[in-house]
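# build me a model:
(one chain, ligands or ions: 2)
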Amino acid sequence: MPRVVTVPCLSDNYAYLVVDEATGAAAVVDPSEAGPVLAAARREGVGLGAIWCTHHHFDHVGGNEELAAAVPGLRIYGHASDWGRIPGQTEALDHGGAFPLGTEEVRALHVPGHTLGAVAYWVGGVVFTGDTLFHGGCGRLFEGTPEAMHRSLSGVLGALPGSTRVYCGHEYTVANLRFARTVEPGNPAVEIRLAECAALAARGQATVGATLGVERRTNPFLRTSSPEVRAFVGLGPDAPDAEVLGALRRAKDGFRG
Ligand code: ZN
Ligand code: FE
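Ligands and ions are numbered 1, 2, ... in the order given. So this is what the prediction gives:
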């Protein structure tokens, strides 16, 4: 499992340094800005070889060009369909595309929904999900359909082992879990996780790195088959999961917890 160093950027974004301890090879996921990433790399004593972009939004790629100028030969990965939208992109990925980080193999997972070219990066039991899967929630459907997002969350990411650690693009966890509690007031796992994350947030600590297993128990967007989730959006047992997800996402858009 690579070492993951959380790098807070902008107001609530996270970039991540991913370090293969065996070789010292390092990459950065979603550098919103270059300054904090370069400082973290210096502090950790690692040399950056690559940027892994989860999608083209500016708060995830804002530091690309400055990093490329500072680090000669830097590879910049993103989905093939994001070519021209990700500054400085040098590598075009498709679903399942693999490449190395030192001794580790990284795998790109195409997870459309938030954007059409959204990619998650899976490496050694860790997954970087950008704005597709958040702790306790999911990203807004800017470019994709509820069907695509459901497939990405429950089909693609859902196929990963429950022990997989999730690192997402924003610190939205407490707000997401407040919504989750409203959706499933009878789910004690949500209440417990909300208390844990509220305590972390109160100390200024990141809530990221929980497992997919925790998400399956607490994230309503992964729980579209739950009768309580369906009842919240007024849908019964026969409604397709994607329809439940779409209705949940609309309810979240209007939720002020
Ligand atoms: Zn985004
Ligand atoms: Fe974002």
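# which residues touch whichever residue of the stretch 101-250 of the chain sits closest to ligand 1?
Closest to ligand 1 within the stretch 101-250 of the chain is Asp131: 3.7 Å, counting by C-beta to the ion. The C-beta positions use only the backbone N, C-alpha and C, and glycine is treated the same way. Neighbour list for Asp131: Thr54, His55, His57, His60, His114, Thr115, Ala118, Gly139, Arg140, Cys168, Gly169, His170 [criterion: C-beta atoms under 8 Å, 6 or more residues apart in numbering].
# now Cys138
Gly113, His114, Thr132, Met149, Leu153, Asn219, Phe221, Leu245, Arg249.
# burial measure for the nearest residue to Asp30 once chain neighbours are set aside, as a count.
Among residues not flanking Asp30 along the chain, His60 sits closest, at 4.1 Å (C-beta to C-beta, 6 or more residues apart in numbering). Neighbours of His60 under the rule other C-beta atoms under 10 Å: 28.
# do the one 5 residues further on as well
Neighbourhood size, Glu65 [other C-beta under 10 Å]: 13.
# toward the C-terminus, what is the element adjacent to the host helix or strand of it?
Element membership of Glu65 [criterion: DSSP states H and E] is helix 64-70. For helix 64-70, the succeeding helix or strand toward the C-terminus, using DSSP H and E, is strand 75-79.
# re earlier: what residues are up against the residue nearest to Asp30?
Asn13, Asp30, Pro31, Ser32, Cys53, Thr54, Gly130, Asp131, Gly169.
# repeat that for Arg181.
Shown in contact with Arg181 (C-beta under 8 Å, 6+ apart): Asn187, Val190, Glu191, Leu194.
# quick check, nearest of these to Val229?
Distances from Val229 to these, taken as C-beta to C-beta, are shortest for Asn187 (9.0 Å).
# ok, that closest one touching Glu228?
Yes - using C-beta atoms under 8 Å, Asn187 is in contact with Glu228, at 7.0 Å.
# of the two, give the one with the bigger neighbour count.
Asn187 (19 against 13).
# follow-up on the earlier one: most neighbours among the contacts of Arg181, please name it.
Highest count within the contacts of Arg181 by other C-beta under 10 Å belongs to Val190, 24 neighbours.
# and that one, its phi and psi?
When read as degrees, to the nearest 10, the backbone of Val190 gives phi -70, psi -40.
# just the pLDDT for Ile51.
Note on Ile51: pLDDT of 99.
# from now on call the first residue 7
OK, 7 is where the count begins now, so the last one is Ile57.
# Ser160 belongs to a helix, doesn't it?
Yes - counting by DSSP: H, G, I helix; E, B strand; the rest coil, one finds Ser160 located in a helix.
# now do it: how many residues are near it, please.
Neighbourhood size, Ser160 [other C-beta under 10 Å]: 19.
# do Asp88 as well
Using other C-beta under 10 Å, Asp88 has 22 neighbouring residues.
# mind checking the SS state of the closest residue to it other than its chain neighbours?
Distance criterion C-beta to C-beta, 6+ apart; nearest residue to Asp88, sequence neighbours excluded, is Gly123 at 3.8 Å. What three-state DSSP gives for Gly123 is coil.
# ok, now which ones touch Gly123?
Counting by C-beta under 8 Å, 6+ apart, Gly123 has contacts His61, His62, Gly84, His85, Ala86, Ser87, Asp88, Arg91, His116.
# out of these, who's nearest ligand 2?
The shortest approach to ligand 2 among the contacts of Gly123 belongs to His61, at 7.8 Å (C-beta to the ion).
# cheers, nothing more for now.
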